[in-house]
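# For reference, the sequence and a predicted model appear below.
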There are 2 protein chains.
Amino acid sequence: MTPSSRPNALYAQAGGVSAVINTSMAAVIETVRAHPDTFGTLYGARNGILGVLKENLVNLSAVSDWELQRLKQLPGGALQACRFDLDPIEENPAQYERVFQVLKAWNIRYFFYNGGNGSMLTAQKVADYCAQHGHELNVIGVAKTIDNDLALTHCSPGYGSTAKFFATSLLESALDLRAMYPTSTRVFLMEAMGRHTGWIALSAALVQDRLPELPLLILFPERVFDYAQTLKRIRHCIAEHGYCVVIVGEGIKTADGQFYAVARPNREHMGWSQMGGAAIKLADELRRDLDTKIHAAVPDYLQRSAAHLVSSVDWALAYDAGKASVEAAVRGEAGVLPIVVKTGEKPFTWRFESCSLEKIADLEKTVPDEFITDDGYGATEAGKAYVRELIQGEHPINWRDGLPDLYPLHLAALPKRLPDWQA
Amino acid sequence: MTPSSRPNALYAQAGGVSAVINTSMAAVIETVRAHPDTFGTLYGARNGILGVLKENLVNLSAVSDWELQRLKQLPGGALQACRFDLDPIEENPAQYERVFQVLKAWNIRYFFYNGGNGSMLTAQKVADYCAQHGHELNVIGVAKTIDNDLALTHCSPGYGSTAKFFATSLLESALDLRAMYPTSTRVFLMEAMGRHTGWIALSAALVQDRLPELPLLILFPERVFDYAQTLKRIRHCIAEHGYCVVIVGEGIKTADGQFYAVARPNREHMGWSQMGGAAIKLADELRRDLDTKIHAAVPDYLQRSAAHLVSSVDWALAYDAGKASVEAAVRGEAGVLPIVVKTGEKPFTWRFESCSLEKIADLEKTVPDEFITDDGYGATEAGKAYVRELIQGEHPINWRDGLPDLYPLHLAALPKRLPDWQA
């Protein structure tokens, strides 16, 4: 085929971002570039599928080598992500028709979607619609999620770096607490992201690699949160060790199945419930019941954007995730997500294997029982070994004038070929 | 003098700790070691002056070179700090007598105290008491405070590393927010330590070195916090840029002079007020008034213990602070604190100069007007230049198996020479 006749490809980002999602993006760009016989131009859509609807496209084939190197360190989503999905097709067929028109206008036949389960499945429905209308579209997912709750895969790119940040920060904070507790703070709480799963909370247990005696309680969303029982455990830690570290999974639920934190309406302003804030709420409750100073940390976005603390293993997984997606497309696959299969340990090795998007949909991987101690408050050796593999190595970044040399890529918007989209 | 006849020295830590206070400790140990003609044994007291009262002493002269290297990376207080001070001498002379007895029993004539203003002044009162009872004690302070509120000195060791952590984390989080705001979070709040001063909050402005367009509002404790006015500014940022970053100094006060966060009593449990939590309270209020998703980060201890993000300049300042204290003692000075005097820029250079403890007492250095923009919500170029100098360079630490190789020194307790202290 001549260059102009080769089909084009599209890359976009959706859902929560991470410190390494742009590494996957760089891998997609480089791997598409390595297969000039298969692909024409690689476009990027801003804000995921929303950018397709709005025809907000950029030319990723024009990204320079220097920009690629910067992408490989840049946290957040360089193309901007989205918390937006298409409506069900039966409710809003016009959306699908519009996406189809945009893809056709740009001769896009490959769609690499770096998003959550839901986004990727929607993309597959777009592909089905396109096929029915005579435009073949191969959708291939690019795995990512700091929450690590993607099913079937050994792990998700983005998780290892978050775990490394979380365990490192907790280790440092625990050393601080250790210096203060005899006359000051005795309880330190730290909130872990993960609305339904405790994978990030699990990483806290690695601190025991350095501080084996650390009195540490992990509140997993996988276990029912019982305030009275937890209070008893904290009192016991204080009596025994003088202090206590409590990791609070943001998604912990009480026995009635309600979120602990979201369950609490804001009494001042009816109608609003507190977002997240499980650690802050627990700190408030503990202050009522314990006559001691309590500190609570909520790392929030810090834990998923820490480019300066990316794990080398996670970085390589993120790169391979992007590369594997493009290679699957080259092999003619469609409607798949390449997932991580562990192939060896010490050192941890892996390969990517395609899994059908339908198969992975709506499955959520929680922390398995064998990773949580019987009392429900700690991690087993197997759990720690699982996370430890994923935080190995310190991926370097560039520094300038005291700060990471990180700043957004300026990708020029391409002139539109279609009339504006009317939602 | 023969070794056994030389007077001994004591080192202790008080107040909040930092990522580099143990670097000052290592400097004290090494500099004492370099002056064998002046000093006998260097002891350490656990938990500051409390360790003297309790005669909880360790032998710092016995610390190995390998342990010294570890100390230079270790966050928190290796000797454990204290939030405890002696009573006024007229109320509790027995405490002073006890400290005097312990110092005499161990022939301690030099006391290097790595603490806040208050602690160092108390130590000087101990020295006065000792002198009256025929035991000469030279008290020399070792400067530190992440809050940077120590008067007269150009800056305080510990601050630069906290500023580096804060600005780096904010930069990374802002890149995350930038990817999400079009369809998700539009306001990101981050709480800065500093009960009465906005030095850490000030460091947030360095983010503009990478993201000059970032819509950033800094709420300084040095300015009256006006919720309505702030809300208006946030709305303006969202209208103009689509999103907004707000740095919340934990010590912001409303027009009535009350702390914004502590002013809010916990309605459920009377008698307790919420500790810190200014960013969380503001996020709650904003959720009432803005129809958008809001995230709030509270780094808490993470910002003062981040050994993996220590600035080279701050590390060197912390080392020099310890060294300067011992050298002042060698010169025969007493009742002084060596403070930082800036001697040049590009690169920033400094020397330490002794200042009398009395002179520095009870003075608090707030962020000066010329560092805050006229509207009260930002940093001037002068303010940014001040902080930028202090975050330069990345002091390396050792990593092992994916985590910083940080763990406490095990310093054996020395057998007591006196009966137990009865408080």
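Received the coordinates, thanks.
# State the number of residues packed around residue A:235.
14 (other CB atoms under 10 Å in any protein chain shown). All C-beta spots, glycine's among them, are computed from the backbone N, C-alpha and C.
# Okay, the nearest residue in space to it that is not next to it in sequence and chain B: tell me how far apart.
In space, and not counting its chain neighbours, residue A:235 is closest to residue A:290: 7.3 Å by CB to CB, 6 or more residues apart in numbering or on different chains. For residue A:290, the distance to chain B (CB to the nearest CB, to the nearest Å) stands at 11 Å.
# which intervals of chain A have sub-threshold pLDDT?
Residues of chain A that meet the criterion pLDDT under 70 lie in A:1-4, A:263-275.
# quick one, helices of it?
With DSSP state H as the criterion, chain A has helices at A:21-33, A:49-53, A:65-71, A:93-105, A:117-132, A:159-180, A:199-203, A:227-241, A:278-289, A:302-305, A:312-330, A:357-360, A:381-390.
# okay but residue A:380 is in contact with residue A:373, surely?
Yes - if you go by CB atoms under 8 Å, residue A:380 and residue A:373 touch, sitting 5.7 Å apart.
# these two touch, right, residue A:29 and residue A:65?
No - judged on CB under 8 Å, residue A:29 makes no contact with residue A:65 at a distance of 10.2 Å.
# ok, now how distant is residue A:415 from residue A:58?
Separation of residue A:415 from residue A:58 (CB to CB, to the nearest Å) stands at 11 Å.
# Of those two, which one has the most company?
Shown here are residue A:415 and residue A:58; by other CB under 10 Å, residue A:58 has more neighbours (22 against 7).
# Residue ranges of each domain in chain A, please.
A:8-145+A:309-357+A:396-404, A:159-304 (the TED database).
# dump the residue contacts of the residue nearest to residue A:17 when sequence neighbours are not counted.
Nearest residue to residue A:17, sequence neighbours excluded (CB to CB, 6+ apart): residue A:77, at 4.2 Å. Going by CB atoms under 8 Å, 6 or more residues apart in numbering or on different chains, residue A:77 touches A:13, A:17, A:21-22, B:179-180.
# Quick check: the farthest pair among those?
A:22 and B:180 (14.0 Å; CB to CB).
# Looking only at neighbour counts, state which of these two leads.
Remark: of residue A:22 and residue B:180, residue A:22 carries more neighbours, 29 against 25, as counted by other CB under 10 Å.
# I'd like to know how far the more buried one sits from residue B:204.
Distance, residue A:22 to residue B:204, using CB to CB: 23 Å.
# what's the answer for residue A:245, then?
Distance from residue A:245 to residue B:204, by CB to CB: 27 Å.
# So for these two, which residue has more residues nearby?
residue B:204 (29 against 24).
# That one touches residue B:249, doesn't it?
No - counting by CB under 8 Å, residue B:204 does not reach residue B:249; the two are 9.8 Å apart.
# ok, for residue A:159, nearest residue in space, not its chain neighbours?
residue A:148 (3.8 Å).
# Residue A:27 now?
In space, residue A:27 is closest to residue A:322, 3.0 Å off (CB to CB, 6+ apart).
# From residue A:248, how far off is that neighbour?
33 Å.
# Next, find the distance separating residue A:398 from chain B.
Using CB to the nearest CB, residue A:398 is found at 11 Å from chain B.
# from memory that residue sits against residue A:404, does it?
Yes - if you go by CB under 8 Å, residue A:398 and residue A:404 touch, sitting 7.2 Å apart.
# what sits in contact with each of the two?
residue A:73.
# the more surrounded of these two?
Using other CB under 10 Å as the criterion, residue A:398 and residue A:404 rank with residue A:404 on top: 22 against 10.
# and the more buried one, what is it in contact with?
A:73, A:307-308, A:397-398, B:168, B:171-172, B:210.
# Over to residue A:62?
By CB under 8 Å, 6+ apart, residue A:62 has no neighbours at all.
# Repeat that for residue A:351.
Neighbour list for residue A:351: A:341, A:343 [criterion: CB under 8 Å, 6+ apart].
# what about it, distance to residue A:154?
Using CB to CB, residue A:351 is found at 10 Å from residue A:154.
# what's the first-to-last distance across stretch A:287-305?
31 Å (CA to CA, to the nearest Å).
# Residue numbers of the stretch 201-350 of chain A in contact with chain B?
A:206-207, A:209-211, A:266-269, A:272, A:274-275, A:277, A:280, A:283-284, A:287-288, A:293-302, A:304-309, A:311 (CB under 8 Å from any CB of the partner chain).
# and these, which are buried?
A:206-207, A:209-211, A:274, A:277, A:280, A:283-284, A:287, A:293-302, A:304-309, A:311 (16 or more other CB atoms under 10 Å in any protein chain shown).
# Among those residues, which lie within strands?
Among these, the ones falling in strands (DSSP state E) are A:293-297.
# Run a quick neighbour tally on the closest residue to residue A:416 other than its chain neighbours.
Nearest residue to residue A:416, sequence neighbours excluded (CB to CB, 6+ apart): residue A:55, at 4.8 Å. By other CB under 10 Å, 22 other residues sit near residue A:55.
# Can you read off the backbone torsions of residue A:55?
phi 60, psi 40 (degrees, to the nearest 10).
# That one: what's it in contact with?
Residue A:55 neighbours (CB under 8 Å, 6+ apart): A:102, A:105, A:416-418, A:420-421.
# Am I right that the residue nearest to residue A:235 is in contact with residue A:232?
No - counting by CB under 8 Å, residue A:290 sits too far from residue A:232 to count as a contact (11.4 Å).
# Specify which residue of these two has the higher count of neighbours.
Using other CB under 10 Å as the criterion, residue A:290 and residue A:232 rank with residue A:290 on top: 16 against 11.
# sorry, back to before: export the helices of chain A to a markdown table and tack on distance to residue B:318?
A markdown table is the format used below for these (distance: least, CB to CB, whole Å):
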| stretch | distance to residue B:318 |
| --- | --- |
| helix A:21-33 | 35 |
| helix A:49-53 | 48 |
| helix A:65-71 | 33 |
| helix A:93-105 | 57 |
| helix A:117-132 | 48 |
| helix A:159-180 | 15 |
| helix A:199-203 | 30 |
| helix A:227-241 | 29 |
| helix A:278-289 | 30 |
| helix A:302-305 | 24 |
| helix A:312-330 | 30 |
| helix A:357-360 | 50 |
| helix A:381-390 | 31 |
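# The residue nearest to residue A:27 and residue A:47, how far apart?
When residue A:322 is compared with residue A:47 (using CB to CB), they lie 19 Å apart.
# Between those two, which is the more surrounded one?
Legend: neighbour count by other CB under 10 Å for residue A:322 and residue A:47, higher for residue A:322 (30 against 25).
# doesn't residue A:141 make contact with that one?
No - using CB under 8 Å, residue A:322 makes no contact with residue A:141, being 10.8 Å away.
# what touches both of these two?
A:112, A:114.
# give me every residue that touches residue A:10.
A:42-45, A:52, A:57, A:103, A:106, A:108, A:110-112.
# Now intersect those residues with the strands, please.
Short answer: those in strands (DSSP E) are A:42-45, A:57, A:108, A:110-112.
# Of these, keep whichever come out buried.
Using 16+ other CB under 10 Å, the buried ones in those are A:42-45, A:57, A:108, A:110-112.
# What is the burial count for residue A:231?
The local packing of residue A:231 (other CB under 10 Å) involves 16 other residues.
# meant to ask about residue A:341, not that
Neighbours of residue A:341 (other CB under 10 Å): 14.
# again with residue A:85
20.
# measure the nearest residue to it once chain neighbours are set aside to residue A:145 for me?
Residue nearest to residue A:85 in three dimensions, not counting chain neighbours: residue A:122, with 5.2 Å by CB to CB, 6+ apart. Per CB to CB, residue A:122 is found 16 Å from residue A:145.
# just residue A:354 next, same as before
Distance from residue A:354 to residue A:145, by CB to CB: 18 Å.
# Kindly report the same for residue A:387.
Going from residue A:387 to residue A:145 by CB to CB gives 15 Å.
# repeat for residue A:245
26 Å.
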